[in-house]
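1. Below: sequence and its predicted model.
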Amino acid sequence: MAARLKAPYFAAFFSSALRGKMPARFAVVTAHNPKGRILPPAANKRRDGALRRRLDSLKIRRFRVTGGSEDGAHREAGWGMVVASPAAARELSALFDQNAFYWISGGRIYLGSSAGGPLKRAGSWNARRARWPSALRGADPEPRRRAGQRRVPRP
C-alpha cells in the first residue's frame, strides 16, 4: 500500500552539479533523514556515502542533486541517477528508508512513494531549479548554524 506523500515533497526545488544538458529521464534519491527523521549531519553524510557506493556497485550513472525548500533553508543532498524506469529508484529509496523519490522525464517531475503506487505529477524541472544564493548551491546541504541557533524544523 502506498504511503501518503507529504505536501512539501511536491514543492521541492533542486540544484544539480551536472553541467550541460540533463538526461531525458532520471531519478533523484536521497539517503538523508530516513522516514523524515532529522539526523545529525555526520550520520547523513555516512548514509549518503553508502548510497553513492551502492549506485557505483550497480554501475548506475550518477550525478549530485540537492533538493530542498524554495529558500534553501532545508536541503538534502541526493543523487540523480540515470535509470530506465522509476522501479530502480523506488527500490533504492525503500532500501534507504525514504518516504519518496523523484522521477524526471521529459522535463516533468513526478513524485513516487517508496512503498509503491502510481507516480504523482509534481511540476516541471525548469520551474523547480533552485535559485538559492550561490553560496548555498555548491555548499554542504546541511545549513550551518551559529552557536545557540536552533535548527529550523522540517515541514
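-> Okay, I see it.
2. Just the pLDDT at R151, thanks.
-> R151 carries a pLDDT value of 41.
3. how deep is E76 tucked in, by neighbour count?
-> For E76, the tally of surrounding residues (other C-beta atoms under 10 Å) stands at 20. (Glycine included, C-beta is placed from N, CA and C.)
4. For the protein, just list every one of the helices.
-> Ranges of helices within the chain are 7-10, 41-57, 86-95, 134-137, based on DSSP state H.
5. so which of those helices is the most packed in?
-> Most buried of the helices of the chain, by mean neighbour count (mean count of other C-beta atoms under 10 Å): helix 86-95, with a mean of 19.
6. picking up where we left off before, which one, of the helices of the chain, ends up nearest to E70?
-> helix 7-10 (10.1 Å; C-beta to C-beta).
7. Show me what that closest one packs onto, helices and strands only.
-> Judged by 3 or more C-beta pairs under 8 Å, 6 or more residues apart in numbering; DSSP states H and E, the packing partners of helix 7-10 are strand 120-124.
8. Give the pairing partners of the strand it packs on; include direction for each.
-> Paired with strand 120-124 in the same sheet, following DSSP bridges, are strand 108-113 (antiparallel).
9. May I have the partner strand exported as CSV, CA atoms only?
-> Extracted in CSV, the C-alpha atoms of strand 108-113 (Å, rounded to 0.1, in the frame of the first residue of the first chain):
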residue,chain,number,x,y,z
ARG,A,108,8.4,16.9,-15.9
ILE,A,109,8.9,16.0,-12.2
TYR,A,110,6.9,13.1,-10.7
LEU,A,111,6.9,12.1,-7.1
GLY,A,112,6.8,8.4,-6.2
SER,A,113,6.1,6.7,-2.9
